[in-house]
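Any chance you could fold what I've pasted below:
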Amino acid sequence: MTGKVVWESADGKQIRGIWQITPGVVTDTEADELFVVVSGSATIEVEGGSTLQVGPGDLAVLREGDRTTWTVHETLRKVYVINL
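Reported below is the predicted structural model:
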């Protein structure tokens, strides 16, 4: 996993950046995030919710506190906006 914050608001409540993860399975507890997949593909299972299939050009929203399992099929790169 690698990432780079490209902008952060003065109050630290909003972050924009790019993030990349290689194939495999990882679990996470999410922040309030909107992202667009630049390349790669993954299946994102939201505990107690939906399962998302994402690939290039797809836009998705994750809610703060969502517990997710990411199954990354091809190295995934996304650009994101997180609200804290």
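
Identify the residue nearest the geometric centre of this structure.
Among the residues of the chain, the one closest to the centroid is Phe35, at 6.0 Å (CA atoms, centre = their mean).

Number of residues surrounding Val59?
Careful, residue 59 is Leu and not Val. Each residue near Leu59 was counted by other CB atoms under 10 Å, and the total is 10. Glycine gets a C-beta too; all of them are placed from N, C-alpha and C.

what bridges to the closest residue to it other than its chain neighbours?
The shortest distance from Leu59 to any non-neighbouring residue, by CB to CB, 6 or more residues apart in numbering, is to Val36 (5.0 Å). For Val36, the beta-bridge partners under DSSP bridges are Leu59, Val79.

so what's Val36 up against?
For Val36, the contacting residues are 57-59, 78-80, by CB atoms under 8 Å, 6 or more residues apart in numbering.

got the buried residues for the helix or strand hosting Ile15?
If you go by DSSP states H and E, Ile15 is part of strand 14-21. Within strand 14-21, the residues scored as buried using 16 or more other CB atoms under 10 Å are 15, 17, 19-21.

Val38 contacts Thr75, correct?
No: using CB atoms under 8 Å, Val38 is not in contact with Thr75, being 10.6 Å away.

Any buried residues in stretch 67-77, and which?
By neighbour count on 16+ other CB under 10 Å, the buried set for stretch 67-77 is 68, 70, 72, 76-77.

contacting residues around it?
Against stretch 67-77 from outside (CB under 8 Å, 6+ apart): 18-30, 37-47, 54, 62.

same thing but 10 Å
1-3, 18-30, 35, 37-49, 51-56, 62 (CB atoms under 10 Å, 6 or more residues apart in numbering).

Quick one, which of those residues are buried?
With neighbours counted using 16+ other CB under 10 Å, these contain these buried positions: 19-21, 30, 35, 37, 40-42, 44-45, 52, 54, 62.
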